[in-house]
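Asks: What shape does this take:
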Amino acid sequence: LNHERCVCMEINANHISPLSSGSVTAMARPVHQGGRSQVWRVEIRNEEDDLICESRLTLGVVPAAR
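Replies: Numbering: from 1, shown residues only. Here you go, the predicted structure:
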């Protein structure tokens, strides 16, 4: 059993270009994975593989409620 969970501490997003229709693909890559925090970089791209949003997500790793 996993006795920890992740909670959001901060989200930062830069919207680079608009998108009113179509599909998007998001790719999340870890920047830092520590014992008590994680930082992830997320790129969101349109169907033409153009970057439309770049985001950074900071998570806190905390004990799970039992």
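Asks: where does this protein have low pLDDT?
Replies: Where the chain drops to pLDDT under 70, the residues are 1.
Asks: all strands of it, in order?
Replies: For the chain, strands defined by DSSP state E occupy the ranges 4-15, 25-33, 37-45, 51-63.
Asks: partners of the longest one in the sheet?
Replies: Each strand pairing with strand 51-63, determined using DSSP bridges, is listed with its direction: strand 4-15 (antiparallel), strand 37-45 (antiparallel).
Asks: Out of the ones you listed, which one sits most buried?
Replies: strand 37-45 (a mean of 16; mean count of other Cβ atoms under 10 Å). From N, CA and C alone the C-beta is placed, and that goes for glycine too.
Asks: and Q38, how far is that from P30?
Replies: To P30, Q38 is 7 Å away according to Cβ to Cβ, to the nearest Å.
Asks: hmm, I was thinking of N2
Replies: 17 Å.
Asks: Now for L59, how many residues are close by?
Replies: When counting by other Cβ atoms under 10 Å, one arrives at 19 neighbours for L59.
Asks: go on, C53?
Replies: Residues within reach of C53, counting by other Cβ under 10 Å, total 17.
Asks: Ramachandran angles for R36?
Replies: The phi and psi values for R36, taken as degrees, to the nearest 10, are phi -120, psi 0.
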